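**Q** sharing a sequence plus its predicted fold:
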Amino acid sequence: MKPVNTKSLFSVLCTTLEKLDSAEIDVNHANATAKLVGQAANLLNYELKRAVILSNPDYKANHRNLEQKTFDSLPE
């Protein structure tokens with residue numbers, strides 16, 4: 001997996017549009033790519049908001065960090 005940022009996501013969208021315009025891919029493939037890029041953007045947005053919130057020392061001291069918790073105790 002390679003690192004992703006907003007610039008690389010935009011590049012994927014532009015490349016997909018170029019391929020769609022030249023009929024290298026069909027509309028369904030372009031649509032699927034756009035949905036994946038949208039989900040990746042949602043994750044980047046979440047991480048940005050989380051970083052802003054956790055930069056507040058008062059909040060960070062009282063915040064339960066669920067992302068570091070192991071979920072071994074959950075039934076499968």
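**A** Nice, I can see it.
**Q** and the pLDDT at L54?
**A** The pLDDT attached to L54 in the predicted structure is 84.
**Q** number of residues surrounding the closest residue in space to it that isn't next to it in sequence?
**A** Using CB to CB, 6 or more residues apart in numbering and skipping residues adjacent in sequence, the residue nearest L54 is K60, 5.0 Å away. The way it works is simple: take the backbone N, C-alpha and C, and place the C-beta from them, glycine included. Other residues lying near K60 total 11 when counted by other CB atoms under 10 Å.
**Q** ok, now T16?
**A** The burial metric for T16, expressed as a neighbour count using other CB under 10 Å, is 20.
**Q** any idea which helix or strand carries it?
**A** When secondary structure is defined using DSSP states H and E, the element that contains T16 is helix 6-21.
**Q** packing partners for that helix?
**A** Helices and strands touching helix 6-21, by 3 or more CB pairs under 8 Å, 6 or more residues apart in numbering; DSSP states H and E, are helix 27-54.
**Q** just checking, what packs against the helix it packs on?
**A** Going by 3+ CB pairs under 8 Å, 6+ apart, helix 27-54 lies up against helix 6-21.
**Q** can I get the helix it packs on in CSV, CA atoms only?
**A** Coordinates of the C-alpha atoms in helix 6-21 are reproduced here as CSV (Å, rounded to 0.1, in the frame of the first residue of the first chain):
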residue,chain,number,x,y,z
THR,A,6,-5.5,14.7,-1.1
LYS,A,7,-3.1,15.4,-4.0
SER,A,8,-2.8,11.7,-4.8
LEU,A,9,-6.5,11.2,-4.5
PHE,A,10,-7.2,14.1,-6.9
SER,A,11,-4.6,12.6,-9.3
VAL,A,12,-6.5,9.3,-9.3
LEU,A,13,-9.7,11.1,-10.1
CYS,A,14,-8.1,13.0,-12.9
THR,A,15,-6.5,9.9,-14.4
THR,A,16,-9.8,8.1,-14.1
LEU,A,17,-11.6,10.9,-16.0
GLU,A,18,-8.9,10.8,-18.7
LYS,A,19,-9.3,7.1,-19.1
LEU,A,20,-13.1,7.5,-19.2
ASP,A,21,-12.8,10.2,-21.9
